[in-house]
Structure formats: C-alpha cells, structure tokens
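Peer 1: Structure for the following, please:
(2 chains)
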Amino acid sequence: MVLTTLQKKLLNDFQRNFPISATPFAEIAAKLNVTEDVVLQAFQELNDRNFISRIGAIIPPNQIGVSTLAAMAVPANELENIAAKVSNFNEVNHNYERENTLNLWFVVIANDAEHLNHVIAEIEQETSYNVRRFPLKKEFFIDLSFKMDFENA
Amino acid sequence: MLDMLNQKLLMQLSEGLPICSRPYLQIAENLKISEAEVIARLKQLNTNGIIKRFGVIVKHSTLGYRANAMCVWRIPENQIDDIAAHLLKFSFVTLCYQRPALPDWNYNLYCMIHGKDRNTVLNQLSELKKMCGLQAFEHEILFSRKCFKQRGAIYQK
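Peer 2: The predicted model follows:
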C-alpha cells in the first residue's frame, strides 16, 4: 500500500464536511494548494484501488425506510452458496461472515415495515434457514469517521 | 418523512458522488433538476441532521485495518446508557447500538472495533473490559471473516 501525502490527507481530512458547492474538488484543491486535476486524479486512484467505498452520505438507520440487522446460522459447507443468495437481494447490504454459530450477518433495508417483512420471508424461503432479527433500539454513535494511523499501517 | 425528491437524491448519492469537476451537476441531470437545487437540498439535509456525515467513506480493510470485531454484551437495562457512553470514549470503538435481546441470544449492547490485526483488537478489547468494568458481563466477540457485500444502502421503491 503506497499512498501519496495528498492521498493520506484526502482520506483523513475529508471524511466529514465534504464541500457541497458547484466545484467541490476545486475547493479541496485550493485548500491543499494543488490543482483540481491533481485532486480528481488522486480520488480516482483511491477509488480504483478500492481504498474508498465512495464519497457519500452516512444516514442514521431508519431515517429513510426501515432496516434491521439480521443473522443466520448456516453450515460451513453451504455458506458461500447461501451468502450469494442473500447478497443477491438489492435490499441487503453489508453481508459478512462472522466467527460464531450465527455466522452470516447482514443488514436489510426497505422502504417500509411491510416490505422489510416480505424481503425477510423471501430470504428464508430461498435459503430455507431462519433469519434472526436484531433491529436497532437505540443508537449511541454512528460517526464512522475514522482517523487512520498511516505511520504504522 | 422525506419528500420524494430528497429520497431520490439520497438514492443517487448512495452510489457515490461522481469524481468529476461538477459532480452535483451530474446528479442534477440524472434527476432532471438544477444543480443549484441539488446543492441547496444536500446542504439542508446536512444541517438538519438527516445526513449524519457527508464525505469520504474509507474501506478499512484495504487500508490495513483488517480486523473487525462485533462485540455483543449482556448488560442490565439501567446500566446500558452509562456503559455505552464510556465505550464511546475509546477511538477504536466505531459503532455502538442497543438491540433487543432474544431468548437464545441474550445480548443487548453491540459495539464494533476496527483494528489493524486480530491481536490489536484483542488488546483493545481487554482495555475496554478493564476500563469500563465489563468483566462481569456475559459477552461474545464475533470477528468478521469474509465480506460478501459492502455498499451504501439502496432504497427500493
């Protein structure tokens, strides 16, 4: 992993308050004393190399639509297959294997409760495993901004 | 509730802001509204807290933070708020949620730790336990193994 000083800055310093103006990348460039093209190129490379998921908005759960964390207990030899079926749903994001008997964890998001129930019923039907639901009761923190310690990375 | 246009706007944005000189113009063209309206609406969503954070969303795993553990705790209801507040003082705790306990999954407090490797996370965890007085509570640590899907929410119509 070789990152330029500029890329490290872009990764750490623009996780929040990304400019919302006609030319946001030019605004960042001006702050960092480089040209807009250099900033665009650096972001494009971070994106192509999969160092960033996207430039976008973090929206707390249930602000728009309804969502739930969900989990299934799937036998190891079926995991890939079942996980692919689950990932196939557009309403599913963040589908992870975790070390537990409940080994497949994912988030389902839908525009209303009825739609959510429907999607979960469909997942159960397609996979023939039970889906356990762990909906959010209270959020203590959702600031995913994360200072990277590049010296030791 | 958000109006239709704001929902569409956030949906567009969930695919990521285009990396080009006038990204909001590109979104505006997709939505058939003006660039100025996109900017005004996003600013408003940002100030009124619908958008919690607007910016670069990093991929921890490719940046060398390979270990990610979901820690689930069984905490008495009346202590949850205090313990959560304490957990959040540690910078490696990136998320903290209360969720309902189930009969055979009796955990009601969830927190996420991101670290460079498994040992780092385990050390951070024992620090948490000591500093927040968590030794007495039942818990499980679920390290992530494989990521099958990770992307912004896409809202279905």
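
Peer 1: tell me the domain boundaries of the chain?
Peer 2: Unless you meant another one, I'm taking chain A. Domain segmentation of chain A under automatic domain parsing yields A:5-48, A:66-134.

Peer 1: Correction: the question concerned chain B.
Peer 2: For chain B, the structural domains run B:4-47, B:67-143, going by automatic domain parsing.

Peer 1: what's the closest of those domains to chain A?
Peer 2: Ranking the domains of chain B by proximity to chain A (CB to the nearest CB) places domain B:4-47 first, at 3.1 Å. C-beta here means a position set from N, CA and C on the backbone, and glycine is covered the same way.

Peer 1: ok, back up a step: and the domains of chain B: which comes nearest residue A:14?
Peer 2: When these are compared by CB to CB, domain B:4-47 sits nearest residue A:14, at 11.1 Å.

Peer 1: Need the contact partners of the strand or helix carrying residue B:140.
Peer 2: Assessed by DSSP states H and E, residue B:140 sits inside strand B:139-149. Contact partners of strand B:139-149, identified using CB atoms under 8 Å, 6 or more residues apart in numbering or on different chains, comprise A:83-84, A:86-87, A:92-100, A:102, A:105-106, B:61, B:67-74, B:107, B:118, B:121, B:125.

Peer 1: and that strand, which residues are buried?
Peer 2: B:139-140, B:142-144, B:148-149 (16 or more other CB atoms under 10 Å in any protein chain shown).

Peer 1: quick one: the residue lying closest to residue A:28 once chain neighbours are set aside and residue B:103, what's the gap?
Peer 2: Of all residues not flanking residue A:28 in the chain, residue A:39 sits nearest, at 5.3 Å (CB to CB, 6 or more residues apart in numbering or on different chains). Separation of residue A:39 from residue B:103 (CB to CB, to the nearest Å): 53 Å.

Peer 1: How many residues are close by residue B:78?
Peer 2: Residue B:78 has 7 neighbours, counted by other CB atoms under 10 Å in any protein chain shown.

Peer 1: Need the pLDDT of it.
Peer 2: Listed pLDDT for residue B:78 reads 95.

Peer 1: tell me the contacts of the closest residue in space to residue B:101 that isn't next to it in sequence?
Peer 2: Nearest residue to residue B:101 in three dimensions, chain neighbours excluded: residue B:108, at 4.6 Å (CB to CB, 6+ apart). By CB under 8 Å, 6+ apart, the contact set of residue B:108 is A:137, B:73-75, B:77, B:80, B:98-101.

Peer 1: Can I get those residues in CSV including secondary structure and distance to residue A:58?
Peer 2: Output for these, formatted as CSV (DSSP: H, G, I helix; E, B strand; the rest coil; distance: CB to CB, whole Å):
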residue, secondary structure, distance to residue A:58
A:137, coil, 19
B:73, strand, 24
B:74, coil, 28
B:75, coil, 26
B:77, helix, 28
B:80, helix, 23
B:98, strand, 19
B:99, coil, 19
B:100, coil, 23
B:101, coil, 27
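
Peer 1: quick one: which of those residues is nearest residue B:41?
Peer 2: Closest approach to residue B:41 among the contacts of residue B:108 (CB to CB): residue A:137, at 30.3 Å.

Peer 1: where does that closest one fall, phi/psi-wise?
Peer 2: Dihedral pair for residue A:137: phi -100, psi -40, per degrees, to the nearest 10.
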